[in-house]
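Asks: I need the structure of the sequence given here:
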Amino acid sequence: MNLLSIELFCLVFEHGSVSEAARRAHLTQPAVTRHIRSLEAYYGVPLFERTESGLIPNAYGKRLYPYLKAIIADHQRAREALKTLLSDGETMPILLGATRTIGEYALPHVIANALAYEARFVFDVYIDNTRSIVDRLKEHRLDVALLEGQVPPEEEADVEAIGFAEDELILVAHPAHLLVRAAAGGALPPTALADAVLIVREIGSGTRELVEQALMERLGGPRPKMIAFNATQAVKTAVEAGLGVAFLSEMSVATDIRAGRLVHLPVEGLVLTRPLYLAMARKRYRPPHVEAFVAWLMSRGAGAFLPRDITVRYGT
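Replies: Residues are numbered from 1 along each chain as shown. Okay, the predicted model is just below:
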């Protein structure tokens, strides 16, 4: 059974004629007859008495008619509601996902800047790790997501990820830390980190792997003493408590640097950047309001979510 069969049944019921139903539906009479027979087969009963003057609804057809007519009316109302939704400014929420650092520190900027661009945007936000975000994209439970890491290779057939900006990991310290005095407003030599206590994320963290690899290349000796936490906020709090220094996402410490709680310490010859990705399910339909948001985000790059007074590097 399909909607066309229901519509044709109602036309035959109302006009008592297959030929008239065919004319109104722009179909051939045999096609209309096939649909009526298909409907009768679906319900398991005849719906019309076939006479020389046409088709006359029987008791089954008369009982069924108001219900099938209601289905057509509901379908028409659904079409009108969707038309209004897409053309008159009423907008379904954009189901927006983000990995933790972006979600906790930058996503409010994304939403604020997006609403300044288009006030009719509405957002429903979900924040979690990359695995959970990718799963939700595959299940069509998110329209679009912002990721700090790459989509796992085994998921690339279902989820596309577009690099649209870069995030820099910068060294930060408490204002009273010895390295702040050693830097004296300039850049630290990498060897200055050899005796420092480095606050890092847990083993397996992409941020930690990037930092360790860069330090091994630059220091060429034993790695600094490390204290690990499994959350960015805990790393920040440890640095603010004077436990050590840390390489953290610029977006996560911008407010703390402006407020004077942390100090940015440039390191000579050491620039740590990572791409940020816009991810979407390959086979999910994207309605106009989602396409508009994606286009805006791609045009703004990192400027969409970093504080406006922070220098950013735009993706290529």
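
Asks: for the stretch 51-200 of the chain, give me the ranges with low pLDDT.
Replies: When residues are selected by pLDDT under 70, those of the stretch 51-200 of the chain lie in 80-91.

Asks: please, where are all the helices along it?
Replies: Along the stretch 51-200 of the chain, counting by DSSP state H, counting those that start in this stretch, helices occupy 59-87, 100-101, 107-117, 130-138, 178-183.

Asks: export these as TSV, with columns for distance to C10 and mean neighbour count.
Replies: Where you see a C-beta, it was placed from the backbone N, CA and C, and this is true even at glycine. Listed next are the helices of the stretch 51-200 of the chain as TSV, based on distance: least, Cβ to Cβ, whole Å; neighbours: other Cβ atoms under 10 Å:
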stretch	distance to C10	mean neighbour count
helix 59-87	6	13
helix 100-101	54	19
helix 107-117	45	16
helix 130-138	40	19
helix 178-183	80	16
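
Asks: wait, I6 sits on I72?
Replies: Yes - with contacts defined as Cβ atoms under 8 Å, I6 counts as touching I72 at a distance of 6.2 Å.

Asks: and K283, how close does it get to I36?
Replies: Applying Cβ to Cβ, to the nearest Å, the value for K283 to I36 is 36 Å.

Asks: quick check: mean pLDDT of stretch 271-288?
Replies: For stretch 271-288, mean pLDDT is 88.

Asks: buried stuff in that stretch?
Replies: Residues L272, R274, P275, L276, Y277, L278, A279, M280, A281, R284 are the ones in stretch 271-288 that count as buried (16 or more other Cβ atoms under 10 Å).

Asks: if the first one is in a bridge, with which residues?
Replies: Spelled out, that is L272. With beta bridges defined as DSSP bridges, L272 has these partners: L169.

Asks: give me the distance between it and R258.
Replies: 21 Å.

Asks: and for the second one?
Replies: Taken as Cβ to Cβ, the spacing of R274 relative to R258 amounts to 23 Å.

Asks: is it true that N113 touches A304?
Replies: Yes - when contacts are counted by Cβ under 8 Å, N113 is listed as touching A304 (5.4 Å).

Asks: residues in contact with M226?
Replies: Applying Cβ atoms under 8 Å, 6 or more residues apart in numbering to M226 gives the contacts V197, L198, I199, V200.

Asks: same thing but 7 Å
Replies: L198, V200 (Cβ atoms under 7 Å, 6 or more residues apart in numbering).

Asks: quick check, it in a strand?
Replies: Yes - according to DSSP: H, G, I helix; E, B strand; the rest coil, M226 belongs to a strand.

Asks: give me the pLDDT for it.
Replies: Turning to M226, the model gives it a pLDDT of 91.

Asks: same thing with the one 10 residues further on?
Replies: According to the per-residue confidence, K236 scores 93 in pLDDT.

Asks: same check on the one 10 residues further on?
Replies: Each residue has a pLDDT score; the one for A246 is 95.

Asks: contacts for the helix or strand hosting it?
Replies: Using DSSP states H and E, A246 sits within strand 246-249. For strand 246-249, the surrounding residues in contact (Cβ under 7 Å, 6+ apart) are 101, 167, 169-172, 198-200, 211, 232, 235-236, 239, 272.

Asks: thank you kindly, that will do.
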